[in-house]
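>>> with the input below, show me the fold.
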Amino acid sequence: MKKLFFFFVLLMSVFMGTAQNDNTIYLLVRADDIGSFHAANVGCIESYQNGIARSVELMPVCAWFPEAVQLLNENPGLDVGIHLTLTSEWSNVKWRPLIHCPGLVDEDGYFLPMVWKNPNFPEGSSISESDWNLAEVEKELRAQIELSLKHVSHISHLSNHMGFTMLDPKIAELVNRLAKEYNLKVNTEGLQRFTGWDRDAPMEQRIEEFCMNLEKLTPGQYLFVEHPAVASHEMKTVGHVGYENVAEDREWVTRVFTSEKVKQTIQKKGIKLISYKDLK
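Okay, here's the model as predicted:
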């Protein structure tokens, strides 16, 4: 028993020393909104197969969800999160809830565009201005989780579209509770947000800026979230007041995620790409 005890102490000492001296840079690159458009499906899968994305967020309320499901099942190594959705922000395409949610929709039955009141949208265009209730939100989120789990087996976590969990602490608590119930991860505590590029810089500079900022990283765990797509005819119809250049913007995300220079910088810097499944 003494030998076993001393072996256990020695093992723990080695483990603790390794943990304290971990000089690795970990980077979780997350591709959001698969299922929203065919162009997004293409961009997200390309960003995984030929790029640096290791986690992708699936939107179960959107029209291109079935194609996204097929693609995800063909790529079981790609970590998947359910991108819980309560808004429909684009002008030319709209999403509806999976169940009856009168407090979350407009007069046509579509999700409201915004989480918070936005000066670019008419009065009453946000959840914050609506007569939402928690029971309704819970039923809708459960429906989205169960539909996603029904079709994709390698789902590891939950995330939320447009940050709606910050609208009210009760919603954040609800999502945490649902994550535990369905045995999924939800929070990203311990992950520092990585700033890939300056939003005001020309898109053509994104690869250079991303590499420059990668070089500045110090040991730790980082999260970078963006929305890859391709600038197809479909994507060029997508936008809303205040964000009109969606196709070009998201095409450049895909270019960054699949850039040879970016991949070489990550390798040279010794950055370890991780997914939510890797988080302890």
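>>> show me which residues of the strand or helix carrying residue 254 are buried.
Assignment of secondary structure by DSSP states H and E places residue 254 within helix 246-257. For helix 246-257, burial by neighbour count (16 or more other CB atoms under 10 Å) applies to 246, 247, 249, 250, 251, 252, 253, 254, 255, 256, 257. For glycine as for every other residue, the C-beta is placed from the backbone atoms N, C-alpha and C.
>>> the third one is in contact with residue 203, isn't it?
To tie it back to what came earlier, the one meant is residue 249. Yes - in terms of CB atoms under 8 Å, residue 249 counts as a neighbour of residue 203; the distance is 6.9 Å.
>>> how long is stretch 154-174 from one end to the other?
Distance between the two ends of stretch 154-174: 23 Å, counting by CA to CA, to the nearest Å.
>>> with stretch 204-220 instead?
Span of stretch 204-220 from end to end, CA to CA: 29 Å.
>>> ranges for the strands of the protein?
25-34, 55-58, 79-84, 155-160, 192-193, 220-226, 271-274 (DSSP state E).
>>> put together CSV for those, with mean neighbour count on each row.
Listed next are the strands of the chain as CSV, based on neighbours: other CB atoms under 10 Å:
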stretch, mean neighbour count
strand 25-34, 24
strand 55-58, 27
strand 79-84, 26
strand 155-160, 22
strand 192-193, 11
strand 220-226, 19
strand 271-274, 16
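>>> among the ones you listed, which comes closest to residue 137?
strand 79-84 (9.6 Å; CB to CB).
>>> output the contacting helices and strands for the closest one.
In terms of contacts (3 or more CB pairs under 8 Å, 6 or more residues apart in numbering; DSSP states H and E), strand 79-84 is packed against strand 25-34, strand 55-58, helix 134-151, strand 155-160.
>>> average pLDDT across that strand?
The average pLDDT within strand 79-84 is 98.
>>> what are the pairing partners of it, and which direction each?
strand 55-58 (parallel), strand 155-160 (parallel) (DSSP bridges).
>>> tabulate these (a markdown table), appending distance to residue 276 and mean pLDDT.
Formatted as a markdown table, the strands paired with strand 79-84 follow (distance: least, CB to CB, whole Å; pLDDT from 0 to 100):
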| stretch | distance to residue 276 | mean pLDDT |
| --- | --- | --- |
| strand 55-58 | 5 | 98 |
| strand 155-160 | 4 | 97 |
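>>> as JSON lines, the ones you listed with distance to residue 22 would be great.
As requested, the strands paired with strand 79-84 are exported to JSON lines (distance: least, CB to CB, whole Å):
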{"stretch": "strand 55-58", "distance to residue 22": "21"}
{"stretch": "strand 155-160", "distance to residue 22": "22"}
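>>> right, and those - which one's nearest residue 38?
Of all the strands paired with strand 79-84, strand 55-58 sits nearest to residue 38, with 14.4 Å by CB to CB.
>>> wait, residue 37 touches residue 233, no?
No - taking contacts as CB under 8 Å, residue 37 lies outside contact range of residue 233: 11.2 Å.
>>> comparing those two, which residue is more hemmed in?
residue 37 (28 against 8; other CB atoms under 10 Å).
>>> how much space separates the more buried one from residue 87?
Relative to residue 87, residue 37 is positioned 16 Å away (CB to CB, to the nearest Å).
>>> for the stretch 151-280 of the chain, what spans make up the helices?
169-181, 206-215, 246-257, 260-269 (DSSP state H, counting those that start in this stretch).
>>> before we move on, back to that, now the angle from the helix holding residue 254 to strand 25-34?
Interaxial angle of helix 246-257 relative to strand 25-34 (axes from the mean of the first three to the mean of the last three CA atoms, to 10 degrees): 150 degrees.
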